[in-house]
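Undergrad: 3D model of this:
(chains A and B)
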Amino acid sequence: DSGVTQTPKHLITATGQRVTLRCSPRSGDLSVYWYQQSLDQGLQFLIQYYNGEERAKGNILERFSAQQFPDLHSELNLSSLELGDSALYFCASSVAGTIALATQYFGPGTRLTVL
Amino acid sequence: KNEVEQSPQNLTAQEGEFITINCSYSVGISALHWLQQHPGGGIVSLFMLSSGKKKHGRLIATINIQEKHSSLHITASHPRDSAVYICAPSYYNTDKLIFGTGTRLQVFP
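TA: Coordinates of the predicted model:
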């Protein structure tokens, strides 16, 4: 158990809908990272928050947004869902704000299926 | 062409064999992570290194910054090592991980 929790574990929804994925980092970790893993694209970095502020941005679509709250949990919002958004979404946390300085601890992931 | 190349893509081994997985990347990095993804999907960070060599139990990771190459070794492999191993460097000034396509390892008893 990494100490990072993600809810829900599974999510099935229809095209055009909006969903929210939630992540709680390990106690004491200030950074939260979001990743998408799809069959055709592999793992991709989406976005990072550090202590409430956006720190780095990757291949995140405009239909997707995220935020980190004062209690450090984070939410990833996916809207106008398309079939291609079906994927595993992982969050990870670390104590440092820089990838080079600290190990990342991954949550169990949320499997999103868009029908 | 993927910025991060891993080889081999698939690897089968008999229990007890020495395993090597290679990772090559194209530009300067600040750090490189090795991750293990279990058949159930969970991801565990095995190593984070920016130079030299690290060892944890039967796992050893090395990196050659000049050659832009890293290796993950598993000594005395065991069926529970069966997983996908993913190399993920972080390029200078980006603070983002770029992921390799992974090496699928199966270890048979």
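Undergrad: how close does B:Thr20 get to B:Ala13?
TA: 10 Å (C-beta to C-beta, to the nearest Å). No exception for glycine: its C-beta is placed from N, CA and C like everyone else's.
Undergrad: more crowded one of these two?
TA: Between B:Thr20 and B:Ala13, B:Ala13 has the larger neighbour count (other C-beta atoms under 10 Å in any protein chain shown), namely 18 against 14.
Undergrad: What are the buried residues along the helix or strand hosting that one?
TA: Per DSSP states H and E, B:Ala13 falls inside strand B:10-14. Neighbour counts over strand B:10-14 (16 or more other C-beta atoms under 10 Å in any protein chain shown) mark B:11, B:13 as buried.
Undergrad: who does it pair up with?
TA: Its sheet considered, strand B:10-14 pairs with strand B:103-108 (parallel) by DSSP bridges.
Undergrad: The residue nearest to B:Ile60 when sequence neighbours are not counted: how many residues sit nearby?
TA: Nearest non-adjacent residue to B:Ile60, counting by C-beta to C-beta, 6 or more residues apart in numbering or on different chains: B:His73, 4.4 Å away. B:His73: 16 surrounding residues under other C-beta under 10 Å.
Undergrad: same check, this time on the one 4 residues further on
TA: When counting by other C-beta under 10 Å, one arrives at 22 neighbours for B:Ser77.
Undergrad: Does it touch B:Thr12 like I think?
TA: No - the pair B:Ser77 / B:Thr12 is not scored as a contact, 10.4 Å apart, by C-beta atoms under 8 Å.
Undergrad: ok so, going back, averaged over its residues, what pLDDT does the strand holding B:Ala13 have?
TA: The average pLDDT within strand B:10-14 is 97.
Undergrad: just checking, next helix/strand downstream of that strand?
TA: Using DSSP H and E, the helix or strand that follows strand B:10-14 in sequence is strand B:19-25.
Undergrad: Would you mind measuring from the residue nearest the centre of chain A to B:Ser30?
TA: Per C-alpha atoms, centre = their mean, the C-alpha nearest to the average position across chain A is that of A:Trp34, at 3.0 Å. As judged by C-beta to C-beta, A:Trp34 and B:Ser30 stand 20 Å apart.
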